[in-house]
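Engineer: Got a predicted structure plus its sequence, pasted below:
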Amino acid sequence: MNYQKWTLFVDNFISSLMDTIIIDAYFAYRINSNLKTFDHYFKNINKNTIEYYLKKMQQHDPLFIGKSIPSEDDILVLSKQPIPLQYENFMQKNNIGDNIELYFKFNKIPVLGISLIRNKKNGCFTNEEFIFLKCYQNFTNKYLQEELINNKVKFPFQKYKITKKEEEIIRLICMGKNNEQISKILFISISTVKTHIQHIFQKIQVNNKHQLVSRLHGNS
């Protein structure tokens, strides 16, 4: 997914939510293999505020992907977390009442994030809103998974001299299959799967599946 498609996805996602939930601003980003954010995209937030956040405050943000990765829900609420004094002061200064962080994963690896922000006047997100967002995110993620899988087709496998068998394994990895599942699908031993994966890592110059998916997704 290129930057243009990514921003269009974010705009459409937010637009569909605003019929049901009050959102005063949003901050979206992509996530690389080192859990660093990039391709930042935002609305109703001052550019200087974003720059200050990225340089000074992101490390204090309780919802920052580099600090903790949600294991199941892929959705976190700021008001439910312990908030460091430095970040609380930042919230006060910038009229932040609450925010919900939505993480979108591919092969169980976080690749995209959207922060839904509310000002003090509109207050905290309610439990009902949290449940709605969780359901809506699950629904949206199905579309996003298809988009990300289709995007892999455009990866220049020939450039890296990837064989047909290795390409099959890569596609199964991108679908979230583990080594045992891959061996059953392709009717090869687990040791053979591992050997193929090591060759893939060497050719594409990555160290693990996390980095592989990020490289294929263009986040390296």
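Structural biologist: Sure thing, it's come through. All of these numbers come straight from a predicted model, not from anything done at the bench.
Engineer: mind checking how far the spatially most central residue of the chain is from I21?
Structural biologist: Centroid-nearest residue in the chain, with CA atoms, centre = their mean: L112, separated by 2.4 Å. Using CB to CB, to the nearest Å, one obtains 19 Å as the distance from L112 to I21. No exception for glycine: its C-beta is placed from N, CA and C like everyone else's.
Engineer: for L133, same thing?
Structural biologist: 7 Å.
Engineer: what's the overlap in contacts for the two?
Structural biologist: Common neighbours of L133 and I21, using CB atoms under 8 Å, 6 or more residues apart in numbering, are 116, 125.
Engineer: immediately after whichever strand or helix holds D98, which helix or strand?
Structural biologist: In this assignment (DSSP states H and E), D98 forms part of strand 96-106. Downstream of strand 96-106, the first helix or strand assigned by DSSP H and E is strand 109-119.
Engineer: other SSEs contacting that following strand?
Structural biologist: helix 3-17, strand 25-31, strand 96-106, helix 127-152, helix 209-217 (3 or more CB pairs under 8 Å, 6 or more residues apart in numbering; DSSP states H and E).
Engineer: make it 10 Å
Structural biologist: Other helices and strands packing on strand 109-119, by 3 or more CB pairs under 10 Å, 6 or more residues apart in numbering; DSSP states H and E, are helix 3-17, strand 25-31, strand 37-43, strand 75-77, strand 96-106, helix 127-152, helix 209-217.
Engineer: partners of it in the sheet?
Structural biologist: Here strand 109-119 has these sheet partners by DSSP bridges: strand 25-31 (antiparallel), strand 96-106 (antiparallel).
Engineer: ok, back up a step: looking at the helices and strands packed on strand 109-119, which is nearest to M57?
Structural biologist: Closest to M57 of the helices and strands packed on strand 109-119, according to CB to CB: strand 96-106, at 10.7 Å.
Engineer: Taking helix 209-217 as reference, get the angle to the closest one.
Structural biologist: 90 degrees (axes from the mean of the first three to the mean of the last three CA atoms, to 10 degrees).
Engineer: Show me how this protein divides into domains.
Structural biologist: 3-125, 164-217 (the TED database).
Engineer: okay if I get those as a markdown table plus mean pLDDT?
Structural biologist: Formatted as a markdown table, those follow (pLDDT from 0 to 100):
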| stretch | mean pLDDT |
| --- | --- |
| domain 3-125 | 89 |
| domain 164-217 | 86 |
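Engineer: neighbours around D98, how many?
Structural biologist: Neighbour count of D98, defined by other CB atoms under 10 Å: 20.
Engineer: wait, it sits on N122?
Structural biologist: Yes. Using CB atoms under 10 Å as the test, D98 is close enough to N122 to be in contact (8.3 Å).
Engineer: which residues do the two both contact?
Structural biologist: D24 (CB atoms under 10 Å, 6 or more residues apart in numbering).
Engineer: so how many other residues sit close to D24?
Structural biologist: There are 19 residues near D24, going by other CB under 10 Å.
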